[in-house]
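K.L.:
generate a structure from the sequence data that follows.
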Amino acid sequence: MTLTADDYKIHIGIVDKGPHLDPAEYVVSLHKLDRTVCHLFFAPPSRKDPSGPRVKALETWGRNEANHRHCANLRDKKFVAYLRYRDFRLFCKCFESVEGFESQFTIFRFLWRCVDEHILREEDVWNVMPNFEFGPESRRYIDCSR
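P.N.:
So this is what the prediction gives:
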């Protein structure tokens, strides 16, 4: 894969509000390779404010370099994959189409939706998956009822 400065690098990490926060708040960060744009995709924990927004995206940009302060504070940050610029809109559509529950479930549903749309490879997501309990219907379905 030949990358250009307009392509992106995808990471996933945990909001650092304490190592024992349960459930962990996962964030997907998307950085343009020229470092001028930084996008964060996250789902606020539904227990704190059930009437609040279910999913959010935050963008920072700068002519020379975006503000990467939020990304720098993520704990257990892992590289997911590279994203081509031409797939960026579809990546955002995948995020908007996912129903929000608790952060950890929403973010991984989002990544699996990207696999379904052929933006990410299955092994990219498996490499960053924590140990969740999966429902019997599918090896990729996360059972949120437990």
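K.L.:
wait, is residue 29 part of a strand?
P.N.:
Yes: Residue 29: assigned to a strand according to DSSP: H, G, I helix; E, B strand; the rest coil.
K.L.:
how close does residue 5 sit to residue 13?
P.N.:
Distance from residue 5 to residue 13, counting by CB to CB, to the nearest Å: 23 Å. Where C-beta positions appear, they are placed from N, C-alpha and C, glycine not excepted.
K.L.:
go on, residue 70?
P.N.:
10 Å.
K.L.:
before we move on, what about residue 107?
P.N.:
Distance from residue 107 to residue 13, by CB to CB: 10 Å.
K.L.:
with residue 81 instead?
P.N.:
15 Å.
K.L.:
you'd agree residue 25 is up against residue 70?
P.N.:
No: taking contacts as CB atoms under 8 Å, residue 25 lies outside contact range of residue 70: 12.0 Å.
K.L.:
tell me which of residue 70 and residue 13 has more neighbours.
P.N.:
residue 13 (22 against 16; other CB atoms under 10 Å).
K.L.:
how about the more buried one: what's its closest non-neighbour residue?
P.N.:
In space, and not counting its chain neighbours, residue 13 is closest to residue 74: 2.8 Å by CB to CB, 6 or more residues apart in numbering.
K.L.:
list the contacts for that neighbour?
P.N.:
Taking CB atoms under 8 Å, 6 or more residues apart in numbering, we find residue 74 in contact with 11, 13-16, 27, 29.
K.L.:
drop anything exposed from those.
P.N.:
11, 13-15, 27, 29 (16 or more other CB atoms under 10 Å).
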